[in-house]
Each structure stands twice: as C-alpha cells, then as structure tokens.
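S.K.: Everything below, folded, please.
(chains A and B)
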Amino acid sequence: MNTSLKIADKTFTSRLFTGTGKFSSSQLMKEALLASESELITVALKRVDVHNEEDDILTHLNHSRINLLPNTSGVRTAKEAVFAAELSREALETNWVKLEIHPDPRYLLPDPIETLKAAEELVKLGFVVMPYIHADPVLCKRLEEVGTQCVMPLGAPIGSNKGLKTVEFLEMIIEQSNVPVIVDAGIGAPSHAAQAMEIGADAVLVNTAIAVSQNPVAMAKAFKKAVEAGRMGYDAKLPPVKNKAEASSPLTSFLN
Amino acid sequence: MNSTFINTFNKYNWEETLASINSKTSLDVERALATDKRNLEDFKALISPAAKPFLEQMAQKSRMLTKKRFGNTIQMYVPMYLSNECQNICTYCGFSLTNKIPRRTLTDAEILKEVTFLKNKGYDHILLVTGEANKTVGVNYINNAIQLIKSQFSNITIEVQPLDREEYEVLIESGLYAVLVYQETYHKEEYKKHHPKGKKSNFEYRLETPDRLGKAGIHKIGLGALFGLEDWRVDSFFTALHLRYLQKTYWKTKYSISFPRLRPHSGGLEPKVEMTDADLVQTICAFRLLDEDVELSMSTRESEVFRNNIVNLGITSISAESKTNPGGYAVEPQSLEQFEISDERSTEEVVSMLKKEGLEVVWKDWEHFS
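M.R.: From the prediction side, this is the model:
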C-alpha cells in the first residue's frame, strides 16, 4: 500500500529502519525487530565480534528479511571511520555503512568536517554511505555531491526521545535533496515518526524508543504503523494548514 | 591549555563548601528534582542532608535516566592485579610500603595464565592494576603488559601510578583505552596525612593527572574519591566539580565515576566520616541526575545484596569474581589481597542475577579502529 524506497541497489518495502542497542536481551531484540518489519537494521561494530560466527547479536539478526547496516559508532576521526568500514566490509560482507563520527561522547553529535572527509573517501572505495549528520541543509548538499546514497539528519540528539527539534531544517533538506532523506535520532514516539514521514522524509531510523519501552515488541508495531500512516498521509497530499476557519462550501460557488 | 584543574580547585574552600551543602533546603532539592539540566548547585542540594526524604524520588529518576541513555544493559569488566610492589605509604591500603607482605610482580607467562582464566569467564574489558614501584613496574612494564594482552581484550583500562603526558601517549598508542585515577580525597591536609611517603604524597601532581590524560587524548578517564577519608558530601562535590571541568576542557573524552568507600569495623582503616548504604545510593543517584551520560561503576567491594539492587538505580558497569592480589585467579590464588571483596559470587552467578533483573550483559563495547 505504501510506495517503496530505493537506496543504491536495494528496494525497501518498509520505511522504518531500526537499531540493535539497549535491549534487555538479544532474544527480545530479535522479536521486536521482526515485529517492526524493518528491513535495514544498524549494528555498532564496536559491540559485536565480527570474527566470531557465534556472536550473540549477529546470530540473532540472521534472518532473510534483515539487511545489516554496520555503523562506525565509537570512532572520532575520518581515518578511524574508514578503517572501521573496511573491517566491516571484509568481515560482514556488506559494502553498506552507516557513517557515524561523534567525537563528543556526551550528546554524540556528529562532526561535520570529519564526516564529509570520510564520506568522500568511502564513496571512492565503493561503499554505500549513509551519513549521520546534523540537520544542516548545506552539509547535506555537500554530502550528496561527494556521492553519498542518502543523508541521515538528526531530529534531536541520539537517545534523547525529544522528537523533531530540527523540523524547520529537515523541511529544507527534504525540499532540496536529490537523495533519500532518513531522519535519524531523537524520534521518541510513534507520533514523531509519523510527523517525519508527513513532512516528506523517505524513512526514519528508530532504536532507543523501541528498545527502552516497557514492551518493545508492541512499540515496534506501533512505529511500523506510524511510519506507514505518516507516509500515506504524505502521499495523499496533506491539506494546507490554515490560520482561520474556512467554510467547506465556498461562498462564491453560486458563480459557477 | 596550560591552565589545569588546580586553577578551578583553588577557587573553592572545603569548609565553605560543606556549609553550603548543609544549608540546602527541601525547596532546593525539589527544584533540583524538577529541572532537566542540573548544575553544581543542584548537585549540592541532591547530596545534602535535606535530600534524604527524597531518596526514593531520586532513585526513580536516576533509574529512568540511566535506562534512557544506556538501555537495559550492564557492562562487565574484571580487574587483573599485575603487581603489589609499592613505594608509597597509604594508611588504608594493604599494599602500603610498610606492610610486611610477600611482594610479587607477574611475569609475562604469569600474566598470560591469568588472561586465559579470565577469557574463559567471558571477559573482554579488563582493568590492569599495580601499586607504585617505578623502577620495576614503570611505564615500560605496563606497556609490555598491554602489548602482551591486547589481542585478547577489546578494551584495556589501567589503574596505576600517575604518569606523565608523554608516557600516557606511548600507552595510548599501544592500545590503552582508559585510565582510572582517584583523588582519594580532595581535602589537601587530610590527603597528606593519609599519604605521608612516596610519590603519591604529591597532592597536586595527582590532582592534575586527568589534565595530562586529557591532553594525551585518552578515550576515557575514571574519577572517584575514597569515601570515608573525609566528609563524603564534600568529596562528592569536588569529584563533580572535577568532572564538569574536564568535560568542558577535554570534550572528546568520556568519563566514569567509581564509588569506593571505607567500611567501619572491617579490620582496615576506620572511616572518619561514615558513608552508609543510603548515603552511597544518594551519591550514585545524584551523579546520575547531574549527568545522564557519565558511566557509573561498582566493584565487588560492595555486598551481594547492595549490588543486586544498585544495578537498576544508575550503575552502568560492574565487575565480578574479582581478585585483588597479583596472580589471584590462576597463578597463586591463596596470596594476600589488597582489600577484602564483599561480593564473592562467581561471574556466572552475577550474570544470571543480571539477566533475572532484565539486564543484558555487555561483554564487548569497544574496538580499536586504527
């Protein structure tokens, strides 16, 4: 019922991307992620042992619907990010990478300079680069120019659950972008996800709000529905917002 | 960048700080609880006697903030003592120079034997501990130990004598992730009493150690005070002040806080100011309310019951089955320990307790991407 989303060579039916952190067990993580029907799931390279076939997180993600999206969380520079991406391409056999460079360990805000540098190099090395960045419209265009296959601006700091604090800038990014825009970070409630989809985001990435809820499986389903509803609303063209009441039957219709 | 924490520290006075904490009212506590961003005045209110009736509220908030940031997880780590040789006299420590105990520094083969034991338990984050004996257990010895074990642990932390910036740079290059350096007490005169001899008697050099670490580009610095040497409220405040200063100055570094305390009638040094279980919970919650992101760590010094409960109140990393004597795991399990541990459960037992509490045990959360 929803139109599909294409990034690089992959087509996604679900516009809800998810993550693997903060769950109380790997089993619960798996149940929630399957309930979300998400097809792209990010996993921190620093959290898994890529050389261990029995790694607890990785074995729980072994499912035909799930595409792994390794992320570089923990790196502080472009150089470290490139190293991490190459390690993951070799070990996990995917050239997709979620580029996260947040040298600030408190708010985990992305470093725009290192991110742009790393993105440029990773694209040259043949990666599908999904960069996590601030909601900065100019940076998004710069990333698009160096060849990233999408941009992932934040709604609010990672894990903050504050919703779309950057909405004005997200709207500019969506308006101007030639690559898919995925709102990443800060989405704390299904309504936030729906809002992102209604303003035209191509997808959202949600982790904390699902993992930390009292019932992650039910919350995953709620997000799935919210993303679908938001996208349908967007596709159906939302009516304009008006400041005053306007009669549904126009006053000048008698002229026709 | 040449100024250090000493410049900030010198603006404060111990007695005035104590008076300021004691003057906080329940209104101050309520305000501190109600706000989202808390400052050091709020922190004072939260550790003050006035906050005692609000302990349950503090615990609830602390739990909620910890879950939001860290999820339903607990990081596991384990200490490995490399040496008990020490040139310092510290009134509270079993390894103190004047204590007549057999001294041992692990050889490469012994280190590897201990490592095999710990790897079999599942550990991937390790804490290397030594006393201070610069001739035999200097930076070269520590560097060698890191090189020796780094292929087997994703994350290596040390708790050793304070070093110079250049020395830290060498260790970081070798794969060191974090350094724990506790000030013991921020009360300068009391500090001198408890550290009468050895390099450790230099209060300022120790106080500036996190600055040297920050300048060297370390990933994480662990702070703390040995609660009980002096008034725990004032020492908590200075630890928080230190934390805030470091966060603003070395913004790429992560921080953790530990909560060692002296216990009365334990056979060791008697605390000057006792910190009760309720006081410790108050302090842990106050740190979490001050900072959503700071890592809070708990060792096996605390009892089984205390640890079972505190893992859901703000603590984010714990150790288990710790031995505080060099070679204590596999080489020479019967030798004398630095301090008595209280929670003697095996790693397996602690892991199953955590699972029962609905917490995922995290073994690995780091990788060297360089």
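S.K.: contacting residues around the closest residue to chain A within the stretch 101-250 of chain B?
M.R.: Nearest residue of the stretch 101-250 of chain B to chain A, counting by CB to the nearest CB: B:Gln247, 6.8 Å away. The C-beta positions use only the backbone N, C-alpha and C, and glycine is treated the same way. Applying CB atoms under 8 Å, 6 or more residues apart in numbering or on different chains to B:Gln247 gives the contacts A:Arg106, B:Tyr255.
S.K.: and if you look at B:Arg212?
M.R.: B:Pro162, B:Leu163, B:Asp164, B:Arg165, B:Tyr168.
S.K.: Let me see the confidence value for the residue of the stretch 101-250 of chain B closest to chain A.
M.R.: pLDDT for B:Gln247: 94.
S.K.: before we move on, the earlier item: now the contacts of B:Arg212: which count as buried?
M.R.: B:Pro162, B:Leu163, B:Tyr168 (16 or more other CB atoms under 10 Å in any protein chain shown).
S.K.: Show me which of those residues is closest to B:His265.
M.R.: Distances from B:His265 to those, taken as CB to CB, are shortest for B:Pro162 (31.7 Å).
S.K.: Quick check, that closest one in contact with B:Phe203.
M.R.: No. Applying CB atoms under 8 Å, one finds B:Pro162 not in contact with B:Phe203, separated by 11.2 Å.
S.K.: that older thread, which of the buried ones among the contacts of B:Arg212 fall in helices?
M.R.: B:Tyr168 (DSSP state H).
S.K.: that older thread, next secondary structure element downstream of the stretch of helix or strand the residue of the stretch 101-250 of chain B closest to chain A belongs to?
M.R.: Assigned by DSSP states H and E, B:Gln247 belongs to helix B:232-249. Later in the chain than helix B:232-249, the nearest helix or strand by DSSP H and E is strand B:254-258.
S.K.: Between helix B:232-249 and that next one, find me the angle.
M.R.: 170 degrees (axes from the mean of the first three to the mean of the last three CA atoms, to 10 degrees).
S.K.: which residues sit against strand B:254-258?
M.R.: With CB under 8 Å, 6+ apart as the test, strand B:254-258 has contacts from A:105, B:178, B:180, B:182, B:219-224, B:239, B:243, B:246-247, B:287, B:294-299, B:317.
S.K.: and those residues, which of them are in strands?
M.R.: Counted as lying in strands by DSSP state E, out of the contacts of strand B:254-258, are B:Ala178, B:Leu180, B:Lys220, B:Ile221, B:Gly222, B:Leu223, B:Gly224, B:Glu295, B:Leu296, B:Ser297, B:Met298, B:Ser317.
S.K.: Can I get these in CSV including pLDDT?
M.R.: Formatted as CSV, those follow (pLDDT from 0 to 100):
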residue, pLDDT
B:Ala178, 98
B:Leu180, 98
B:Lys220, 97
B:Ile221, 98
B:Gly222, 98
B:Leu223, 98
B:Gly224, 97
B:Glu295, 97
B:Leu296, 98
B:Ser297, 97
B:Met298, 96
B:Ser317, 97
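S.K.: Those: which two are farthest apart?
M.R.: B:Ile221 and B:Met298 (17.7 Å).
S.K.: if we can go back for a sec, which among the ones in strands among the contacts of strand B:254-258 end up buried?
M.R.: Buried members of those, counted by 16+ other CB under 10 Å: B:Ala178, B:Leu180, B:Lys220, B:Ile221, B:Gly222, B:Leu223, B:Gly224, B:Glu295, B:Leu296, B:Ser297, B:Met298, B:Ser317.
S.K.: Let me have those residues in JSON lines, adding distance to chain A as columns.
M.R.: Shown next, in JSON lines, are those (distance: CB to the nearest CB, whole Å):
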{"residue": "B:Ala178", "distance to chain A": "12"}
{"residue": "B:Leu180", "distance to chain A": "17"}
{"residue": "B:Lys220", "distance to chain A": "8"}
{"residue": "B:Ile221", "distance to chain A": "11"}
{"residue": "B:Gly222", "distance to chain A": "14"}
{"residue": "B:Leu223", "distance to chain A": "15"}
{"residue": "B:Gly224", "distance to chain A": "18"}
{"residue": "B:Glu295", "distance to chain A": "10"}
{"residue": "B:Leu296", "distance to chain A": "15"}
{"residue": "B:Ser297", "distance to chain A": "15"}
{"residue": "B:Met298", "distance to chain A": "19"}
{"residue": "B:Ser317", "distance to chain A": "14"}
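S.K.: Which member of these is positioned nearest B:Arg307?
M.R.: Distances from B:Arg307 to these, taken by CB to CB, are shortest for B:Met298, at 6.2 Å.
S.K.: In contact with the closest one, which residues?
M.R.: Going by CB under 8 Å, 6+ apart, B:Met298 touches B:Ser258, B:Phe259, B:Arg307, B:Ile310, B:Val311, B:Ile315, B:Ser317, B:Ile318, B:Ser319.
S.K.: Of all pairs in those residues, which one spans the longest distance?
M.R.: Among these, the pair separated by the greatest distance (CB to CB) is B:Ser258 and B:Val311, at 14.8 Å.
S.K.: Now A:Glu51: phi and psi?
M.R.: Residue A:51: His, not Glu. Dihedral angles of A:His51 (phi, psi; degrees, to the nearest 10) stand at phi -90, psi 0.
S.K.: Let me know the helix or strand that the closest residue to it other than its chain neighbours is in.
M.R.: Of all residues not flanking A:His51 in the chain, A:Ala91 sits nearest, at 6.2 Å (CB to CB, 6 or more residues apart in numbering or on different chains). Taking DSSP H and E as the definition, A:Ala91 sits inside helix A:78-92.
S.K.: Quickly check: the next helix or strand along the chain from that helix near chain B or not.
M.R.: The element immediately downstream of helix A:78-92 (helix or strand, assigned by DSSP H and E) is strand A:96-99. No. Under the criterion of CB under 8 Å from any CB of the partner chain, strand A:96-99 makes no contact with chain B; the nearest approach is 12.1 Å.
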